[in-house]
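Asker: Pasted the sequence and its predicted model underneath.
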Amino acid sequence: ASIPANLGRVLLASVGLCVFMLQGINLGVALPDWMFAKDKKAAPLMLLGLVGCGILLPLGIMSWYMLSSSKFTGPNQIMNDTFGIFIHSKYAIKESQSLTRIPETLLCAMEFITLYTPPEHNAPMDELRRLVAPSYSELMSKTNKTFWQRKASVVKAHMLLLAHLERMGDDVPAALQADLRYVLAKSPLLLEEMVKIATLPRTQAGTGWMTPALACVEMCQCIAQAMPVSLRKGGGKAGDSLAPLLQLPGFNQEIIKKLRKRKINSMADLQALPESQRGIELGWAGLDAAGVEGVQMFLSAMPSLVMAAKCEVDGEDEIMEGDPVHCKVRVMLSRASHRQEGFSLRGSAVRAYTPYNPTPRDESWYFFLTEPSNNAVLAWAKVNLMEAEKQGLAHPEAFQQPSSNSTTANGNANSAATVTSSSVAMALLTGSSDNSSSKALVKAADENSSNKQADKDSSSSSDKEPVGQEVDLVFQAPKAATYTLNVVAMSDCWIGADEMVPLKLRVAPLTRAVAEGRVITKKPVFSDSEDEDGSGSEGSNSGDESEDDYDSEETGEEESGDEGSDDDSTDKDD
């Protein structure tokens, strides 16, 4: 704010100087005489030109550069005005905002409001309207004034997004292809900022909103795989099983109906088939050779996760009110392509397979610690699971025994439960010393081993360090109670790869006695030299004396062990 003010003062001073000179005041100018030899009356004009070109013009260019560069902020380079729209406008993020309402906030970003829309785009936009309108007749009807009375740039961005979600990107007019790529490149960045805004502390406990945060990630998935929002949330359990199938290349409702006749009702059923049998079934459903190859490639690249999570406080046995709690999530990731001969991981990121998206995207994962009963997000993180995939490649046995029912690995609710999808993965992720888990791990590694050798290996496996990539979610412990939490892992590119682990969190009340006990147990450590000099033992003695005298919680009076014993003996004598 001080820089523009200083620029204004300089400009006013320069203008005042010029006006002052034009009033006929005689001033000496330190300029060569040959510049004014012919006409000395031109001296003021010459000076004005020098001031304008040498001072005012550079200042104007500098101020324009500083003002234009300050329009963007953050690692994603989002316009400052966009944050105001996302937070304070009538299109701001709401507490109960679901997936179907996320686009209305996303498309009000200043990046789309200022999208260049010259008159030459009128004809291509009309062609785009005719392309998209059959799929969204109610939304794009002429009677829907809320859609058409917006700025032309926002309407254009909205229609381009709808065309992409309907997998009509190749049919978009050539004049709008650059704008389509811009919308698809900016949308994931804007949605990430919307997640940050949704998870801002909104309550006294410092929690954010769960519903809009998860919905923003679901919108990222829809954009990555060109999935209409209505199909992503299409009707409970049936919709949840259909959405992963509909993201496959070339799939539609007709193909899914034919596959159901062959008892293939979900993505899991399709993945369970051998590759040769799968190709036969896909061909019977109506896919050509290129379509079958695209589906096979998609399924080989689709990830699957196993997770284990626990909540703890560093250096403490239980969690109490106000403690900084670490929810440590261990993850391993695998793909069907890992089983291919000669497969190896290279680079620092994995490029997601998004055949309908013209903008390449690296795979990222969102981790949320949520409390569904209160629509709350306690902590979250966005991470790259490259290390988790390396661990999954090194331990394929963790993915050989999938289980749909989660099991509790640690019944101690004081430190929260640890839960995974299989006993083998549990033994690897937690380094569990549970005998049954360890034996299951040995059996997966070598099914031909004897029982005696299995017992020997199981005892040694209990000493192993846990494997997998660790994601640390830090939050402040809420009030004393028992909470039912969920750790949710969501991909920003894949539909149907999300995982959820339930947790029981027990928070104990922080009483005065416990708080003092925590401080007392953390005694100072003295060096050897201090012990030899006697200063260390002297200090400990003084500490013991101070610990003998304390304020009683019952009477508030100062008590002394020695005096109390003398009084007791006197009373007995009396």
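Answerer: Received it, and whenever you're ready, just let me know what you need. Keep in mind the model is a prediction, meaning the values are calculated, not measured.
Asker: List the buried residues for stretch 137-153?
Answerer: Residues M140, F147, R150, S153 are the ones in stretch 137-153 that count as buried (16 or more other C-beta atoms under 10 Å). Placement of C-beta: from N, CA and C, glycine included.
Asker: Include pLDDT and distance to R167 when you put those into JSON lines, please.
Answerer: Output for the buried residues of stretch 137-153, formatted as JSON lines (pLDDT from 0 to 100; distance: C-beta to C-beta, whole Å):
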{"residue": "M140", "pLDDT": "89", "distance to R167": "18"}
{"residue": "F147", "pLDDT": "91", "distance to R167": "21"}
{"residue": "R150", "pLDDT": "92", "distance to R167": "25"}
{"residue": "S153", "pLDDT": "96", "distance to R167": "24"}
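Asker: Just name the closest of those residues to A477, please.
Answerer: R150 (45.4 Å; C-beta to C-beta).
Asker: The closest one - that's part of a helix, no?
Answerer: No: per DSSP: H, G, I helix; E, B strand; the rest coil, R150 lies outside any helix segment and is coil.
Asker: Contacts only, for it.
Answerer: Neighbouring residues of R150 by C-beta atoms under 8 Å, 6 or more residues apart in numbering: H158.
Asker: got TSV for the buried residues of stretch 137-153, with distance to Y116 and secondary structure too?
Answerer: Shown next, in TSV, are the buried residues of stretch 137-153 (distance: C-beta to C-beta, whole Å; DSSP: H, G, I helix; E, B strand; the rest coil):
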residue	distance to Y116	secondary structure
M140	22	coil
F147	21	helix
R150	16	coil
S153	7	helix
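Asker: so L369 bridges to which residues?
Answerer: A379, V487 (DSSP bridges).
Asker: That one reaches C327, doesn't it?
Answerer: Yes: counting by C-beta atoms under 8 Å, C327 is a contact partner of L369 at 5.2 Å.
Asker: Give me the buried stretch members for stretch 357-367, please.
Answerer: N357, T359, R361, E363, S364, W365, Y366, F367.
Asker: circling back to that earlier point, shared neighbours of L369 and C327, anything?
Answerer: Listed as contacting both L369 and C327 by C-beta under 8 Å, 6+ apart are L378, A379, L473, F475, V487.
Asker: re the thing from before, can I get the buried residues of stretch 137-153 in a markdown table with distance to K186?
Answerer: Below are the buried residues of stretch 137-153 laid out as a markdown table (distance: C-beta to C-beta, whole Å):
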| residue | distance to K186 |
| --- | --- |
| M140 | 22 |
| F147 | 21 |
| R150 | 17 |
| S153 | 13 |
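Asker: and which of the residues you listed is nearest A394?
Answerer: Nearest to A394 out of the buried residues of stretch 137-153 is S153 (C-beta to C-beta; 49.7 Å).
Asker: Now do the same contact list for the closest one.
Answerer: Contact analysis of S153 by C-beta under 8 Å, 6+ apart lists F112, I113, T114, L115, Y116, T117.
Asker: let's see it at 7 Å
Answerer: With contact set as C-beta atoms under 7 Å, 6 or more residues apart in numbering, S153 has these partners: F112, I113, T114, L115, T117.
Asker: from those residues, which ones fall inside strands?
Answerer: If you go by DSSP state E, the contacts of S153 have nothing in strands.
Asker: out of the residues you listed, which are buried?
Answerer: By neighbour count, with 16+ other C-beta under 10 Å, the contacts of S153 hold F112, I113, L115, T117 as buried.
Asker: Can you name the residues that contact the residue nearest to S96 when sequence neighbours are not counted?
Answerer: Closest residue to S96 apart from its sequence neighbours, by C-beta to C-beta, 6 or more residues apart in numbering: T211 at 5.6 Å. Counting by C-beta under 7 Å, 6+ apart, T211 touches S96, Q97, S98, N375.
Asker: Let's have those residues in CSV, adding secondary structure, neighbour count and distance to L245.
Answerer: What follows is these, written out as CSV (DSSP: H, G, I helix; E, B strand; the rest coil; neighbours: other C-beta atoms under 10 Å; distance: C-beta to C-beta, whole Å):
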residue, secondary structure, neighbour count, distance to L245
S96, coil, 11, 29
Q97, coil, 20, 27
S98, coil, 14, 22
N375, coil, 18, 29
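Asker: between those, which is nearest I55?
Answerer: Closest to I55, out of all of these and judged by C-beta to C-beta, is Q97, at 51.6 Å.
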